[in-house]
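J.: just the structure for this:
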Amino acid sequence: MTQLAIRHSLPGDNHIAESRRRGRGVVSNAVGRFEALKRHEEDDGWGSVDTLPAFRTEVAVEMARAIIARNESPDISFDRSINPYRGCEHGCVYCFARPTHAFLGLSPGLDFETRLVAKDNAADLLERELANPRYEPRTIALGTATDPYQPIERERKLTRSVLEVLERAGHPVGIVTKSALVTRDIDILARMAARNLAKVAISVTTLDHRRARSLEPRASTPKRRLEAISRLSAAGIPTTVLIAPVIPALNDYEIEAILEKAYEAGAREAGWVMLRLPREVRDLFTEWLMTHEPDRYRHVMSIIRAMRGGKDYDATFGKRMTGEGPYAWMIARRFQAALRRLGYRSTRTRLDTSHFRRPVLAGGQLSLF
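T.: Numbers count the residues shown, from 1 in each chain. Below you'll find the model as predicted:
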């Protein structure tokens with residue numbers, strides 16, 4: 001059942017008490033948009049609200065029916081992806097995937113980062129789907145909605161099991177993560193990279209440790225992410241740095257510094273994504289701003305609306321990832337100028353599909369060739 005949200009004295013305020021959400025990202029847990037009833041906690045004067053337990057991470061198991069998700073979006077570079085987990089313990093305040101938790105009857109708020117789902121049959125499903133005679137290989141993106149190396153991966157190792165299947169099949173994979181845990185799998189990734197089958201993108205949102213702790217409370221620190229870039233690149237794995245998202249008037253001043261530090265660490269490709277505020281993410285982000293950066297609230301939201309045609313978000317293809325208008329234009333020019341000055345590559349690494357060999361399932365027939 002969805003956790004209930006707490007209401008303090010301000011009208012319409014759904015903040016959870018800090019003692020219950022310490023170490024988490026967002027500050028509220030409003031009921032999902034598909035629920036018939038809206039609930040909140042109200043202090044009845046007996047102090048019962050103060051005795052409620054802190055939010056703890058819970059993991060449910062899902063036996064998924066399919067594991068490769070398809071998309072036809074023209075503004076992203078892949079048409080298929082795998083997410084071994086639903087929800088993400090990293091707790092990134094701005095995560096565009098938060099609204100998906102509403103489909104589970106849960107809140108995109110604190111539920112998203114505390115009530116997780118693990119697809120324990122991910123590797124078996126993947127092998128079955130790759131074995132389909134109609135399957136045609138193209139790079140699979142790993143970790144497009146929730147981070148494949150979030151903390152529970154240490155024990156569950158679902159991402160590693162997926163990589164093992166992909167390596168055996170000679171199938172290319174691109175990984176996106178905010179976690180230094182990706183270096184655990186350097187053994188697999190280095191072997192795949194030697195065959196041009198793997199690349200990794202590390203997202204570095206800020207170099208400010210304090211702000212990172214607030215924005216992305218359970219993701220690796222900026223220092224550890226830079227160290228991960230260094231270790232991956234030293235192992236011969238093509239490594240990209242992502243500044244995702246660029247948040248107006250909050251981390252935009254760090255673009256050049258992040259690119260410089262990442263280049264020094266070994267990254268040779270880079271990308272950026274403008275802050276996106278779809279559905280519930282808008283309210284969660286503005287609550288966070290008012291709680292942690294109240295003096296910047298008006299400025300941040302003013303620039304966001306200027307880039308989104310006066311709205312908080314515009315999902316139009318070609319605009320949603322970058323925004324439009326003078327500010328978005330300026331960010332793109334700064335980014336490109338920094339890439340040229342530092343020596344980043346102007347083209348993206350293209351992975352090889354020629355190594356693909358369709359898996360043979362138990363009882364299946366081997367190919368003649």
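
J.: how far away is residue 120 from residue 161?
T.: From residue 120 across to residue 161, the span is 9 Å (Cβ to Cβ, to the nearest Å). Backbone N, C-alpha and C define where each C-beta goes, glycine included.

J.: I would like the residues contacting the longest helix along the chain, please.
T.: In terms of residue count, the longest helix belonging to the chain (DSSP state H) is helix 326-342. With Cβ atoms under 8 Å, 6 or more residues apart in numbering as the test, helix 326-342 has contacts from 243, 246, 248, 252, 255-256, 259-260, 263, 270, 272, 274, 303, 306-307, 322, 346.

J.: try 6 Å
T.: 246, 255, 256, 259, 263, 272, 303, 307, 322 (Cβ atoms under 6 Å, 6 or more residues apart in numbering).

J.: other SSEs contacting the strand ranked longest in the chain?
T.: The longest strand of the chain (DSSP state E) is strand 239-246. The contact analysis (3 or more Cβ pairs under 6 Å, 6 or more residues apart in numbering; DSSP states H and E) places strand 239-246 against strand 198-203, helix 222-234, strand 269-274.

J.: residue 102 is nearest to which of these?
T.: Among the helices and strands packed on strand 239-246, the nearest to residue 102 by Cβ to Cβ is strand 269-274 (22.4 Å).

J.: buried ones in the next helix or strand after that closest one?
T.: Following strand 269-274 in sequence order, the next helix or strand is helix 280-292 (DSSP states H and E). For helix 280-292, the buried set under the neighbour-count rule, 16 or more other Cβ atoms under 10 Å, comprises 280, 281, 282, 283, 284, 285, 286, 287, 288, 289, 291.

J.: ok, so of those residues, who is nearest residue 213?
T.: Nearest to residue 213, judged by Cβ to Cβ, of the buried residues of helix 280-292 is residue 288 at 12.7 Å.

J.: which residues touch the closest one?
T.: Counting by Cβ under 6 Å, 6+ apart, residue 288 touches residue 93.

J.: and it, how close does it get to residue 156?
T.: Distance from residue 288 to residue 156, by Cβ to Cβ: 28 Å.

J.: tell me, how many residues neighbour residue 85?
T.: For residue 85, the neighbour count with other Cβ atoms under 10 Å is 25.

J.: quick check: bridge partners of it?
T.: Note on residue 85: beta-bridge partners by DSSP bridges are residue 118.

J.: does it touch residue 146 like I think?
T.: Yes: between residue 85 and residue 146 there is a contact at 5.1 Å, judged by Cβ atoms under 6 Å.

J.: quick one: pLDDT of residue 198?
T.: pLDDT for residue 198: 98.

J.: cool, and residue 72?
T.: On the pLDDT scale, residue 72 is placed at 82.

J.: ok, and what's touching stretch 145-152?
T.: Here stretch 145-152 has contacts from 59, 83-85, 88-90, 97, 142, 159, 177-179, 181-182, using Cβ under 6 Å, 6+ apart.

J.: centre of the chain to it, how far?
T.: 8 Å (Cα atoms, centre = their mean, to the nearest Å).

J.: quick one: average pLDDT of that stretch?
T.: Averaging pLDDT along stretch 145-152 yields 96.

J.: could you do stretch 180-190 as well?
T.: Across stretch 180-190, the average pLDDT comes to 98.

J.: now that stretch - C-alpha only, PDB.
T.: The C-alpha coordinates for stretch 180-190 follow below in PDB (Å, rounded to 0.1, in the frame of the first residue of the first chain):
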ATOM      1  CA  ALA A 180      30.900   4.000  -9.300                       C
ATOM      2  CA  LEU A 181      29.600   0.500  -8.900                       C
ATOM      3  CA  VAL A 182      29.900   0.100 -12.600                       C
ATOM      4  CA  THR A 183      33.600  -0.400 -12.100                       C
ATOM      5  CA  ARG A 184      32.800  -3.800 -10.500                       C
ATOM      6  CA  ASP A 185      32.000  -5.100 -14.000                       C
ATOM      7  CA  ILE A 186      35.200  -3.800 -15.700                       C
ATOM      8  CA  ASP A 187      36.200  -7.400 -16.300                       C
ATOM      9  CA  ILE A 188      33.200  -8.000 -18.600                       C
ATOM     10  CA  LEU A 189      33.000  -4.500 -20.000                       C
ATOM     11  CA  ALA A 190      36.700  -4.500 -21.000                       C
END
